[in-house]
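**Student:** show me how the following folds:
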Amino acid sequence: MLKKAITIILALAMMSGTSVFASNETEESNNATQIEQNSEVTAFESDISRAVSLGIINNENYNFNDDITREQFCNFVYNLVNPIKELPIFKYERAPFDDTNGNDKITVLYSAKIVSGKGDYIFSPNDKLTREEAATILCRAANYLDIELPLAKVDMSYADNSEISSWAVSSVYSLKTLNILNNTDENFNPKANITISQAVSALVRLYDKTDK
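**Tutor:** This next block holds a predicted model:
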């Protein structure tokens, strides 16, 4: 009887210990996840603060988790590029786009071959910007600012490389090499929309590659 009682006590003790250890492991895992999320938020906050001080963005109340539009991104790119290297102003007999509501920043970026339209006189300013579209615009801006773009390394291929449009491949991998626009996992997610915070962070990193 005593032997049976001791066995039960030991079993309960072991179960209790396992529960405590499991609880501790879960708590540690949750803490690690929270720290990682806080680090990401802190990094974005730092980039956003710098972007405001650099004049890339203004003090509007953006929801930085929203997907960025083509027009918003153009405004930010113009604000980054023009103070460093003045963008040319070309006079057109006919405006290049019919749907930009007279946004001269888009026209100037188009003149500098940094952005392009979506068809005859169509820019689609309110469309969301995909990650691969952002990559090509960032690379064109880098070229305009005389930033040397490295050749893509074969061993840096994303797992979803086949989903990247052919016209965006070199831009995607050049920016990955420069650590301007990349992903923490194995995929680039080229067709996914880029958020305002992600776009701002990429622009700040691009600024850091200039001589300013």
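**Student:** next secondary structure after the lowest-mean-pLDDT helix or strand in the chain?
**Tutor:** Here the helix or strand of the chain ranked lowest by mean pLDDT, DSSP states H and E is helix 2-54, holding a mean of 54. Downstream of helix 2-54, the next assigned helix or strand under DSSP states H and E is helix 70-84.
**Student:** buried residues in that next one?
**Tutor:** Using 16 or more other Cβ atoms under 10 Å as the test for burial, helix 70-84 gives Arg70, Glu71, Gln72, Phe73, Cys74, Asn75, Phe76, Val77, Tyr78, Asn79, Leu80, Val81. The way it works is simple: take the backbone N, C-alpha and C, and place the C-beta from them, glycine included.
**Student:** list the contacts of it.
**Tutor:** 51, 54-57, 87, 100, 103, 105-106, 108-109, 112, 114-115, 123-129, 133-134, 137-138, 141, 144-145, 194, 196, 199-200, 203, 206-207, 210, 212 (Cβ atoms under 8 Å, 6 or more residues apart in numbering).
**Student:** in the helix or strand following that helix, what's buried?
**Tutor:** Following helix 70-84 in sequence order, the next helix or strand is helix 104-111 (DSSP H and E). Of the residues in helix 104-111, Lys105, Ile106, Thr107, Val108, Leu109, Tyr110, Ser111 count as buried by neighbour count, 16+ other Cβ under 10 Å.
**Student:** quick one: contacts for the first one?
**Tutor:** Contact analysis of Lys105 by Cβ under 8 Å, 6+ apart lists Cys74, Asn75, Tyr78.
**Student:** columns pLDDT on top of the residues you listed, output as TSV?
**Tutor:** Below are those laid out as TSV (pLDDT from 0 to 100):
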residue	pLDDT
Cys74	98
Asn75	98
Tyr78	98
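**Student:** ok, so of those residues, who is nearest Asn65?
**Tutor:** Using Cβ to Cβ, Asn75 comes nearest to Asn65 of the contacts of Lys105, at 18.6 Å.
**Student:** roughly how far apart are that closest one and Ile48?
**Tutor:** 15 Å (Cβ to Cβ, to the nearest Å).
**Student:** just Tyr62 next, same as before
**Tutor:** Tyr62 is 9 Å from Ile48, where distance means Cβ to Cβ.
**Student:** between those two, which one's more packed in?
**Tutor:** Taking neighbours as other Cβ atoms under 10 Å, Tyr62 and Ile48 compare with Ile48 leading, 19 against 15.
**Student:** what's the closest non-adjacent residue to the more buried one?
**Tutor:** Spatial nearest neighbour of Ile48, chain neighbours left out: Val200 (5.6 Å); criterion: Cβ to Cβ, 6 or more residues apart in numbering.
**Student:** test my guess that that neighbour contacts Ile56.
**Tutor:** Yes: the criterion here is Cβ atoms under 8 Å, and Val200 meets it with Ile56 at 7.0 Å.
**Student:** where does the protein dip in pLDDT?
**Tutor:** Along the chain, segments meeting pLDDT under 70 span 1-43, 152-156, 184.
**Student:** brilliant, that's me finished.
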